[in-house]
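Enquirer: Make a model of this:
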Amino acid sequence: MKTAKFYSALNIQIEEIQQSKLDVGLVKVAVEWAGICGSDMHEFLAGPFFAKPKVTLGHEFSGTVVEVGAGVTKVSVGDRVVVEPFYSCEDCDACTEGLYNLCKKIECYGISNDGGFAEFVTVRETKIFKIPEELSFEVASLVEPTAVALHAVRKSQLKSGDSCAIFGAGPIGLLLVQVAKVVGAKEIIVVELSEERRKKAIEMGATYVINPENEKPVKAINRIVRGGVHVAFEAAGAESSFISALASLKHAGELMIVSLWEKSVSFTPNMLVIGEKKINSSLGYRHNFQEVIELLASGKINGNKLITKKIYIEDIVKKGFEKLKNDKSQCKILVTPIENNLEA
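Expert: Next comes the predicted model:
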């Protein structure tokens, strides 16, 4: 079967490999669509960070069950599914407290074990969720990144009627816009360099957008919301956005870090002490895939608006990773191992 193997920075190879046999409790899924994630981009541009060399990338994917191993009872051949890629040891303190995304031995399909940039992927039955007929395979492949956004908003102190600022309008930032809208945020302000992504943010439901090249974000935010916002989400992973996000908070406000970082940042703790502000963080998701499936299936979160390009797996480097690197009008690029999917 065809797979997209990661070797090192700027080195992803399309290879033919043999399919593995199913062990007890495992399920084979024929992949329909898989999304290129920001963390995949981090690995491609400057990795390896978390991805193991020679791993098949891809942790945002949907597909159909084609084979089940012994002992599998939750799903059957023919079921339409998505996969929650994190799996934990189930025995450490974090796991026993239900915080499995914080497991120190956590692994992930597409990072530590072979993932969805392939024709088939073998996963644990416990990580599979069925999807309804009204949810397309394309939109279903967005369940994983939407779960990231939902977890960040649920973990934050944002509530109905509050204001928030989102720094960075990549896929996660744009999903944060939609989730903030779902929970009832009054003002949703997006700070983003790319004109195309600012337009996309408005389309997603942002009430204001700011170009940090033309105006200072903190000054602009204080003009829109007197005293600053209740919550600022950092989804850009840059020191300048981190500092601006922290400075944009009102008293007792919260900075929620959602992004992954390639470099450290420097700031003075007085930015927190004065105003009793706080810094929080969000890692992935936990216990929310079913809720996300329902939000996407109902249209309360519009996944179609996020998808900007669909490509065949053999074109994943030039039309996928390199396209995302060079074309900021791109948001979520989906990859399929089935050529006929591109004709649909």
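Enquirer: which stretches of the protein have low pLDDT?
Expert: Where the chain drops to pLDDT under 70, the residues are 344.
Enquirer: element containing the one residue sitting closest to the centre of the chain?
Expert: Nearest to the centroid of the C-alpha atoms of the chain, with distances taken as C-alpha atoms, centre = their mean, sits P145, at 2.7 Å. Using DSSP states H and E, the element containing P145 is helix 143-155.
Enquirer: where do the helices sit along this protein?
Expert: When assigned using DSSP state H, the helices of the chain occupy the ranges 38-46, 93-96, 137-140, 143-155, 171-182, 195-204, 217-224, 239-247, 270-273, 289-298, 322-326.
Enquirer: which secondary structure elements does the longest one contact?
Expert: Using 3 or more C-beta pairs under 8 Å, 6 or more residues apart in numbering; DSSP states H and E, the elements in contact with helix 143-155 are strand 60-68, helix 171-182, helix 289-298. Backbone N, C-alpha and C define where each C-beta goes, glycine included.
Enquirer: go again using 7 Å as the cut-off
Expert: Under the contact criterion of 3 or more C-beta pairs under 7 Å, 6 or more residues apart in numbering; DSSP states H and E, helix 143-155 touches helix 171-182, helix 289-298.
Enquirer: what's the most buried one of those helices?
Expert: Comparing the helices and strands packed on helix 143-155 by mean neighbour count (mean count of other C-beta atoms under 10 Å), helix 171-182 ranks first with a mean of 26.
Enquirer: got the angle for that one vs helix 195-204?
Expert: 20 degrees (axes from the mean of the first three to the mean of the last three C-alpha atoms, to 10 degrees).
Enquirer: ok, so what distance separates the nearest residue to K310 once chain neighbours are set aside from F86?
Expert: Spatial nearest neighbour of K310, excluding adjacent residues (C-beta to C-beta, 6 or more residues apart in numbering): L334 at 4.9 Å. Computed as C-beta to C-beta, to the nearest Å, the L334 to F86 distance reads 21 Å.
Enquirer: before we move on, what about E343?
Expert: 34 Å.
Enquirer: now do V31
Expert: 18 Å.
Enquirer: So for the two, which sits in the more crowded spot?
Expert: More crowded of V31 and F86, by other C-beta atoms under 10 Å: V31, with 26 against 21.
Enquirer: who touches the more buried one in this structure?
Expert: V31 is in contact with 61, 63, 116, 118-121, 337, counting by C-beta atoms under 7 Å, 6 or more residues apart in numbering.
Enquirer: how's the protein carved up into domains?
Expert: Using automatic domain parsing, the domains assigned to the chain come out as 2-142+303-343, 147-281.
Enquirer: The residue nearest to the centre of the chain is in contact with P171, isn't it?
Expert: Yes. Judged on C-beta atoms under 7 Å, P145 makes contact with P171 at a distance of 5.6 Å.
Enquirer: closest one to E16 among the helices of the chain?
Expert: Relative to E16, the nearest member of those by C-beta to C-beta is helix 38-46, separated by 21.0 Å.
Enquirer: Now the closest one: buried residues?
Expert: Within helix 38-46, the residues that count as buried by 16 or more other C-beta atoms under 10 Å are 38-44.
Enquirer: same thing with stretch 5-24?
Expert: 5-6, 12.
Enquirer: what about T122, neighbour count?
Expert: 19.
Enquirer: mind listing what it touches?
Expert: Going by C-beta under 7 Å, 6+ apart, T122 touches 20, 22, 26, 28.
Enquirer: Format those as a markdown table; extra columns: distance to S194.
Expert: As requested, these are exported to a markdown table (distance: C-beta to C-beta, whole Å):
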| residue | distance to S194 |
| --- | --- |
| S20 | 41 |
| L22 | 44 |
| L26 | 41 |
| K28 | 39 |
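Enquirer: Name the member of these with the shortest distance to K250.
Expert: Of the contacts of T122, the one sitting nearest to K250 (C-beta to C-beta) turns out to be L26, at 49.7 Å.
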